[in-house]
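Chemist: here you go, sequence then predicted model.
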Amino acid sequence: MSNNSNSNSNSSSSNNNRYKYKYKVVKLMYKMMMMLGNDDPEVVNKDKSSTDNIPKLIEVSQKPRIYRIPKFLTDEECEHLIETSKNKLKPCNEISSGVHRSGWGLFMKEGEEDHPVTQNIFNRMKTFVNLTESSEVMQVIRYNPGEETSAHFDYFNPLTTNGAMKIGLYGQRICTILMYLADVEEGGETSFPEVNVKVKPIKGDAVLFYNCKPNGEVDPLSLHQGDPVIKGTKWIAIKLVNQKNTGSSAP
Ligand SMILES: O=C(O)CCC(=O)C(=O)O
């Protein structure tokens, strides 16, 4: 009898140990999954209130995920980006392929991204997304009246050899942060024709949109374009946020 009770208590304590061990393994796996998940530049503070002194995200569309960020940049930051770029712009059709752009632009050199003003902007972006080292260098574009960018996707197409190679090298362009550096008198909206959304350029505001669905698949609804400017000059800065942390920048 006593032997039996001993063996019962032995087996129940070994069961307990087994459960404890299983629980620890599951907890560890969950932790690892969360750490891996942190590589995704997901939106992190959309519910923070404006009193936190962090620009607030306003949802414009759920599918695709589009957020407007009022007053993301200060006037001084907008002017800094315009002043440091305006004498170096090249016709966009010389610097981009596959998409019809008729504006003027430049890709910042990596050293230029080290400027404290730019670093400050990147730090602000990091309150919203996981800005990995492999994210591409910032681009500044100016459009005069009549100039535009045709409808396109920012994601690399995983079904093409070139797209798959770029995903391997730089990581998928999971989302895009587009900042407006000046007001535009008329036209120049950023349009998402698949969902009938138009974002008006307002100096200092930004639009953050996801090129991929939450499950990581590319999102065809993220098709977007820069409508022709009708009156005034449109200035934007673009930061493409890549998923993978390779320590290098895509061209
Ligand atoms: O000009 C815009 O509003 C959009 C520009 C754009 O999508 C691009 O240059 O890739």
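Modeler: All right, it came through fine.
Chemist: residue 101 and residue 90: what is the separation?
Modeler: 11 Å (CB to CB, to the nearest Å). Every C-beta, even on glycine, is put in place using the N, C-alpha and C of the backbone.
Chemist: more neighbours: which of these two?
Modeler: Between residue 101 and residue 90, counted using other CB atoms under 10 Å, the more crowded position is residue 101 (23 against 11).
Chemist: okay, now the residue nearest to that one when sequence neighbours are not counted: neighbour count?
Modeler: Ranked by CB to CB, 6 or more residues apart in numbering and with sequence neighbours excluded, the top spatial neighbour of residue 101 is residue 92, at 3.6 Å. Residue 92 has 21 neighbours, counted by other CB under 10 Å.
Chemist: contact partners for residue 92?
Modeler: For residue 92, the contact set (CB atoms under 8 Å, 6 or more residues apart in numbering) comprises 101-105, 141, 149.
Chemist: the residue of the stretch 1-150 of the chain found nearest the ligand: neighbour count?
Modeler: The ligand sits closest to residue 149 of the stretch 1-150 of the chain, with a gap of 4.3 Å, by CB to the nearest ligand atom. For residue 149, the neighbour count with other CB under 10 Å is 22.
Chemist: and residue 207, by the same measure?
Modeler: Around residue 207 there are 24 residues (other CB under 10 Å).
Chemist: can you classify it as helix, strand or coil?
Modeler: With DSSP: H, G, I helix; E, B strand; the rest coil as the basis, residue 207 sits in strand.
Chemist: swap in residue 123?
Modeler: helix.
Chemist: picking up where we left off before, who touches the residue nearest to the residue of the stretch 1-150 of the chain closest to the ligand when sequence neighbours are not counted in this structure?
Modeler: Distance criterion CB to CB, 6+ apart; nearest residue to residue 149, sequence neighbours excluded, is residue 226 at 3.8 Å. By CB under 8 Å, 6+ apart, residue 226 lies in contact with 101, 103, 141, 143, 148-149, 188-191, 234, 236.
Chemist: try 7 Å
Modeler: Shown in contact with residue 226 (CB atoms under 7 Å, 6 or more residues apart in numbering): 143, 148-149, 188, 190.
Chemist: and residue 236, how many neighbours does it have?
Modeler: Neighbourhood size, residue 236 [other CB under 10 Å]: 25.
Chemist: that one in helix, strand or coil?
Modeler: strand.
Chemist: any idea how far the residue in the stretch 151-251 of the chain that the ligand sits nearest to lies from residue 208?
Modeler: Closest residue of the stretch 151-251 of the chain to the ligand, CB to the nearest ligand atom: residue 226 (2.4 Å). Look at residue 226 and residue 208: by CB to CB, they are 16 Å apart.
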